[in-house]
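1. how would this look folded up:
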Amino acid sequence: MKKMIDYCTNIGTLEMIGKIMVDNHPMRALMKHLGFKSRYNMEEQVIDAVLRLNEPESEWQRHRLESLPD
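-> Down below sits the predicted model:
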């Protein structure tokens, strides 16, 4: 997972987003350890794990990230 985070950071990916089953406690712990922010997705009944990798460089990127639900 760390290699994937490093690769995505180096190529300019802004965020990584993962879906975790609510009862998958080992994966939830790993995502927390890696710095992901978690939020419960009521619609899908999963945990959304989000990690910001890079800051947006342009206005459209910034607008895109700000329009995502918290």
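2. measure the spatially most central residue of the chain to residue 44 for me?
-> Closest residue to the average C-alpha location of the chain: residue 50 at 1.9 Å, with C-alpha atoms, centre = their mean. For residue 50, the distance to residue 44 equals 14 Å [C-beta to C-beta, to the nearest Å]. Backbone N, C-alpha and C define where each C-beta goes, glycine included.
3. rewinding a little: just checking, the residue nearest to the centre of the chain touches residue 14?
-> No - in this structure, residue 50 is not within contact of residue 14 by C-beta atoms under 8 Å, at 10.6 Å.
4. could you measure from residue 65 over to residue 13?
-> Distance, residue 65 to residue 13, using C-beta to C-beta: 12 Å.
5. and if you look at residue 7?
-> Distance from residue 7 to residue 13, by C-beta to C-beta: 8 Å.
6. give me the more crowded residue out of those two.
-> residue 13 (15 against 10; other C-beta atoms under 10 Å).
7. what does the pLDDT read for the more buried one?
-> On the pLDDT scale, residue 13 is placed at 91.
8. where does it fall, phi/psi-wise?
-> Note on residue 13: backbone dihedrals following degrees, to the nearest 10 are phi -60, psi 140.
9. leaving aside the residues adjacent along the chain, what's closest to it?
-> Nearest-residue entry for residue 13: residue 53, 5.2 Å, with adjacent residues in sequence omitted and distances by C-beta to C-beta, 6 or more residues apart in numbering.
10. alright, calling it a day.
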